[in-house]
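**Q** any chance you could fold what I've pasted below:
(one chain, ligands or ions: 2)
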Amino acid sequence: MARTRATYICQACGAVAPRWQGKCEACGGWNTIIEETAAAAAVPVAQRTKRKGRVMQLESLSGKGEEAPRLASGLKEFDRVIGGGFVHGSVVLLGGDPGIGKSTILIEVAAALAGKGRRVVYVSGEEAIGQVRMRAERLSLKAANVELAAETNVEDIIATLSEGPAPTLVVIDSIQTMWTETVESAPGTVTQVRGAAQALLRFAKKSGAAVVLVGHVTKDGQIAGPRVVEHMVDAVLSFEGEGSHQFRILRALKNRFGPTDEIGVFEMTGRGLAEVENPSALFLSDRDLGSPGTAVFAGIEGTRPLLVEIQALVAPTTLGTPRRAVVGADPNRLSMILAVLEARCGVRMGGHDVYLNVAGGLRILEPAADLAVAAALVSSLSGSALPHDAVYFGEISLTGAVRAVPQAAARLKEAVKLGFTRAVVPESGQAEGVDGIALSSVAALDRLVAEIAARAPRTLRAAAGRGEDG
Ligand code: TYD
Ligand code: MG
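**A** Ligands and ions are numbered 1, 2, ... in the order given. Predicted structure coming up:
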């Protein structure tokens, strides 16, 4: 029997400290270290000592690779994000804020797969059977042949799942509520979460069932519990959206069997999550035509073109250090664009607060958005609205040159589909144009600035100067 000894484990990063301390030295978190029992925390000493090893069967690299047959659930937006469908024996972690719709999307996926005659088990550690049924009723999925359990003990769950034919899909809602008898710490601690996840992972690999673990997200957006769970699983998905918006975006943060740049777009309705097949139309649905400070960016998310509105507000500041607030884009990228505007185009925003927002709760990471961001900024500063039928894309370099970006044709086609007739694009490296849209190419950012300024009711210099007087 292993001696039990207290160890101190950070609940945020899983680091082990020799004694209790207020701050974790590994991740810098405060009050994240709690006491757990050592017999459970580490691999039991008894197991580490002289057990005679079992002889394994070694395989050759060239042997027939186990192909990953995918099992599409039928929910297209979901399947796209996981790379075409569930891979047998894989474990997926789905993270997201409370109330964002994790249980809803998973019951929909479960019902869709069950409808194809597969065995699907939904285990809820948070809600009673009645509550899960109520949700299913609301989604009109009551007739679906999904097997339900309200249980938190991992050994009991695995014993139940091992009875009868192996399930195709097992949903565990959520991993933080699960506990395993092999670990002595309290449920919800890092050690328990890790132990439970490990047991379920072993079950998935052995039985070939795909397992989806729901994970809660802490205030700063990390999946609560140890990072190690993220390392253990095959894919990490994140379900995002703003409470006030009905859009929900599913995105892969890690995927051993597929791409990580695909997104799935859903809309939360009174009767569950509806798939959004044409997200561009949705993201552009309530545009404010004719007001300065907005530009439409023709972007690419994964394999799919997506048009979004970029909104900028540039306003004179009363603060010594002007504000730079960004929602849905990279603040460093904004700083760079502001610096290039100032150094290469003579547009001074030092006396102005700058707010940047990507409409619809979307997050844009592509450098191709630079040109649209710059256009929105200059438009807001000069008070000159951009043409409402134009889209923008192009990467801005530190020299002020506008660089080509990949998949220009796909971006242009999507713009045509949504009724845009003009595109402002990089000059170099553009493939031939697309029917129905006029290209206006810019080689350097100052060209675009001059064009916008020429239509402006107030000159840029005057606008920039006003902030400096104050
Ligand atoms: P839920 O799936 O329980 O969220 P999570 O599991 O991520 O905590 O979804 C809860 C929210 O979704 C709740 O605020 C109500 C809303 N909702 C709808 O608007 N329509 C619906 O059909 C359902 C089932 C939920
Ligand atoms: Mg839930």
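
**Q** tell me the bridge partners for residue 217.
**A** residue 223 (DSSP bridges).

**Q** mind listing the helices for the chain?
**A** Along the chain, counting by DSSP state H, helices occupy 38-41, 45-48, 76-81, 102-114, 129-138, 154-162, 190-207, 227-232, 279-283, 331-345, 370-382, 408-417, 445-454, 460-469.

**Q** residue 10 is nearest to which of those?
**A** Set against residue 10 and scored by CB to CB, the helices of the chain come closest in helix 190-207, at 7.4 Å. Using the backbone N, CA and C atoms, a C-beta is placed for each residue, glycine as well.

**Q** need the helices of the chain in CSV (columns: mean pLDDT).
**A** Formatted as CSV, the helices of the chain follow (pLDDT from 0 to 100):
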stretch, mean pLDDT
helix 38-41, 48
helix 45-48, 53
helix 76-81, 92
helix 102-114, 94
helix 129-138, 92
helix 154-162, 94
helix 190-207, 92
helix 227-232, 83
helix 279-283, 81
helix 331-345, 95
helix 370-382, 95
helix 408-417, 90
helix 445-454, 92
helix 460-469, 47
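
**Q** how about the ones you listed, which one is nearest residue 434?
**A** Among those, the nearest to residue 434 by CB to CB is helix 408-417 (4.1 Å).

**Q** mind listing what's buried along the closest one?
**A** Within helix 408-417, the residues that count as buried by 16 or more other CB atoms under 10 Å are 408, 411, 412, 413, 414, 415.

**Q** please save the CA atoms from that helix in CSV.
**A** C-alpha atoms of helix 408-417 as CSV (Å, rounded to 0.1, in the frame of the first residue of the first chain):
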residue,chain,number,x,y,z
ALA,A,408,-8.1,35.7,-54.2
ALA,A,409,-10.5,34.1,-56.6
ALA,A,410,-12.6,32.3,-53.9
ARG,A,411,-12.9,35.6,-52.0
LEU,A,412,-14.0,37.4,-55.2
LYS,A,413,-16.6,34.8,-56.1
GLU,A,414,-18.2,35.0,-52.6
ALA,A,415,-18.3,38.8,-53.0
VAL,A,416,-20.1,38.4,-56.3
LYS,A,417,-22.5,35.9,-54.8
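
**Q** for it, name the packing helices and strands.
**A** strand 294-301, strand 304-316, strand 422-426 (3 or more CB pairs under 8 Å, 6 or more residues apart in numbering; DSSP states H and E).

**Q** let's see it at 6 Å
**A** strand 304-316 (3 or more CB pairs under 6 Å, 6 or more residues apart in numbering; DSSP states H and E).

**Q** flag every residue of the stretch 1-150 of the chain that's near ligand 1.
**A** Contact residues (CB under 6 Å from any ligand atom) of the stretch 1-150 of the chain with ligand 1: 96, 98, 99, 100, 101, 102, 103, 104, 135, 138, 139.

**Q** can you tell me which of those residues is nearest residue 330?
**A** Residue 330 has its nearest neighbour among these in residue 96, at 21.5 Å by CB to CB.

**Q** who's in contact with the closest one?
**A** Residues counted as contacts of residue 96 (CB atoms under 6 Å, 6 or more residues apart in numbering) are 102, 217, 239.

**Q** who does it bridge with?
**A** Per DSSP bridges, the residues bridged to residue 96 are residue 216, residue 239.

**Q** what about residue 296, neighbour count?
**A** 29 (other CB atoms under 10 Å).

**Q** tell me the pLDDT at it?
**A** Confidence at residue 296, expressed as pLDDT, is 95.

**Q** how about residue 218?
**A** Reported pLDDT for residue 218: 68.

**Q** how is this structure divided into domains?
**A** By the assignment in automatic domain parsing, the chain contains the domains 3-40, 70-277, 282-466.

**Q** could you list the buried residues of the first one?
**A** To tie it back to what came earlier, the one meant is domain 3-40. By neighbour count on 16+ other CB under 10 Å, the buried set for domain 3-40 is 7-15, 17, 24, 29, 32-33, 36-40.

**Q** list the contacts for residue 317?
**A** For residue 317, the contacting residues are 352, 353, by CB under 6 Å, 6+ apart.

**Q** distance of the residue nearest in space to the middle of the chain from ligand 1?
**A** When CA atoms, centre = their mean is applied to the chain, the residue found nearest the centroid is residue 251 (3.8 Å). Plainly put, residue 251 is 15 Å away from ligand 1 if you go by CB to the nearest ligand atom, to the nearest Å.

**Q** wait, that residue sits on residue 264?
**A** No. Contact criterion CB atoms under 6 Å: residue 251 and residue 264 do not qualify, at 7.7 Å.

**Q** so residue 179 bridges to which residues?
**A** Beta bridges link residue 179 to residue 153 when assigned by DSSP bridges.

**Q** what number of residues are in the vicinity of it?
**A** 21.

**Q** going forward can the numbers begin at 12, since that is how I track them
**A** Yes, from this point I'll number from 12; that puts the last item at residue 190.

**Q** contacting residues for it?
**A** The contact partners of residue 190, by CB under 6 Å, 6+ apart, come to 163, 198, 203.

**Q** for the residue lying closest to the second one once chain neighbours are set aside, report the pLDDT, please.
**A** Okay, so that is residue 198. Closest residue in space to residue 198, ignoring its immediate chain neighbours: residue 190 at 4.1 Å, by CB to CB, 6 or more residues apart in numbering. Looking at residue 190, its pLDDT stands at 92.

**Q** now residue 190: how far from residue 162?
**A** Relative to residue 162, residue 190 is positioned 11 Å away (CB to CB, to the nearest Å).

**Q** model confidence for the residue nearest to residue 111 when sequence neighbours are not counted, exactly?
**A** Residue nearest to residue 111 in three dimensions, not counting chain neighbours: residue 250, with 5.3 Å by CB to CB, 6+ apart. Looking at residue 250, its pLDDT stands at 90.
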